[in-house]
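>>> Quick one: sequence and predicted model below, then my questions.
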Amino acid sequence: MKQLSEFQHQCNVFKWAAQPSIRKKWPELRLLHHIPNGGSRGEVEAKNLQRSGVKSGVPDLCLPVARGKHRGLYIEMKAESGKTFPAQDWWVEELNGQGYFAEVCHGWKSAMRVIEWYMNLGGPQ
């Protein structure tokens, strides 16, 4: 059985989050967005993106909604067998230290479970 790519897993997260029953339960998920800082680019475009503030390792998904003691949620998406690199690990650690909840998720179902857990924490404390 062919494994899904990281891109496919990420698309499935957004497909899940857009379901009417999920949006009715957590309308705040309309704020969930992808941070397009990965992918292959030409040298000129890569340098322009760096100059404009794109940073290596920033997690893929952001949900700027406070829950519990957390200021927001960041998810670094990986395929089931994907591995993080040092800059990604650094970002997850730093964001957690700044009061966000940041997590590496292997597969869309993992990300879905993290989002459900996070949203069930209740409003900011």
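Structure's in. What do you need?
>>> Please make it C-alpha for all contacts and neighbour counts, starting now.
Fine.
>>> residue contacts, residue 106?
77-82 (C-alpha atoms under 8 Å, 6 or more residues apart in numbering).
>>> Please convert the buried members of the residues you listed into PyMOL selection syntax.
The following PyMOL line selects those of the contacts of residue 106 that are buried, judged by 16 or more other C-alpha atoms under 10 Å:
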select buried, resi 77+78+79+80
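>>> low-scoring stretches of the chain, by residue?
When residues are selected by pLDDT under 70, those of the chain lie in 38-41.
>>> mind pulling up the phi and psi values for the residue of it most remote from its centre?
Centroid-distance maximum for the chain: residue 44 at 26.6 Å, with C-alpha atoms, centre = their mean. Per-residue torsions, residue 44: phi -70, psi -50 (degrees, to the nearest 10).
>>> Tabulate the contacts of residue 106 in JSON lines, adding columns for distance to residue 70.
Below are those laid out as JSON lines (distance: C-alpha to C-alpha, whole Å):
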{"residue": "77", "distance to residue 70": "19"}
{"residue": "78", "distance to residue 70": "23"}
{"residue": "79", "distance to residue 70": "26"}
{"residue": "80", "distance to residue 70": "26"}
{"residue": "81", "distance to residue 70": "28"}
{"residue": "82", "distance to residue 70": "26"}
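>>> so which two of the contacts of residue 106 are the farthest from each other?
Largest separation among these by C-alpha to C-alpha: 77 and 81, giving 11.1 Å.
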